[in-house]
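# got a sequence here, can you model it:
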Amino acid sequence: LTQPTSDKTVYTEESPSVYTDAGSVYSDIGTANWKTYTNRDYSFSIKYPQEATIEESTIEEKGWHIIDINVTPAAPWSVATGSYFRIAILDNPKNLSLEDIHKNYLYWPCNTEYGGRCKYDTLKGYKALIVLDFADLMEKEAFYLQKGQVVFRLSWGQGSENEEERKVGDQIRSTFQFTN
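I've put the predicted structure just below:
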């Protein structure tokens, strides 16, 4: 593997951001009739489409608590999975960097062929590591943010390259908020 030169942006409070979305990203995708999922243990809420379902699981060997919002289920005859928005939650008492957490989640470091392009920005007012184009069959973008000693990984996975589904994923992400 050859490692590309780093294009990582150094985070500063003055860095401009396209991810500070306080409200809806797409005005043509309304959220007024969407359901709201609230997690009291981790103090956040997120909206999702009426027809979507929620599944919670744990990746025991890594310690991640996973919340999947299944937006488009896979067809029974399809080898591809449907579209989903994933919130992966990890307690981080050792205060590992977001880049180290990304490496532990994906097994590849930032700014490598398989680890993706990483940059720091803000999301919902929090410092966030944004990772693009990493080696995953479903997910092409992930946002890591830390609140206290907990890291949240927000990602969108889809079985196809459907632009309308991608907009729904972005809209779901735009509704994520901490409740305290």
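# only C-alpha atoms for contact and neighbour calcs from this point on.
OK.
# what bits of the chain have low per-residue confidence?
1-28, 61, 72-82, 134-140, 158-162 (pLDDT under 70).
# please state the backbone phi and psi of the residue positioned nearest the centre of it?
Closest to where the C-alpha atoms of the chain average out (C-alpha atoms, centre = their mean) is L154, at 1.6 Å. L154 adopts backbone torsions of phi -110, psi 130, taken as degrees, to the nearest 10.
# tell me the contacts of it?
By C-alpha atoms under 8 Å, 6 or more residues apart in numbering, the residues touching L154 are 85-88, 142-144, 173.
# what do you get for S43?
178-180.
# quick one: R153 and S45, what's the gap?
14 Å (C-alpha to C-alpha, to the nearest Å).
# how about F152?
With C-alpha to C-alpha as the criterion, F152 and S45 are 12 Å apart.
# what helices and strands are in contact with the longest helix seen in the chain?
The helix that spans the most residues within the chain, counting by DSSP state H, is helix 163-175. When contacts are defined as 3 or more C-alpha pairs under 8 Å, 6 or more residues apart in numbering; DSSP states H and E, helix 163-175 packs onto strand 44-48, strand 83-91, strand 150-157.
# what separates the shortest one from the chain centre, distance-wise?
What separates the centre of strand 44-48 from the centre of its chain is 13 Å, taken as C-alpha atoms, centre = their mean, to the nearest Å.
# what sits up against the helix or strand following it?
Sequence-wise, the next helix or strand downstream of strand 44-48 (DSSP states H and E) is strand 53-59. With contacts defined as C-alpha under 8 Å, 6+ apart, strand 53-59 is touched by 64-71.
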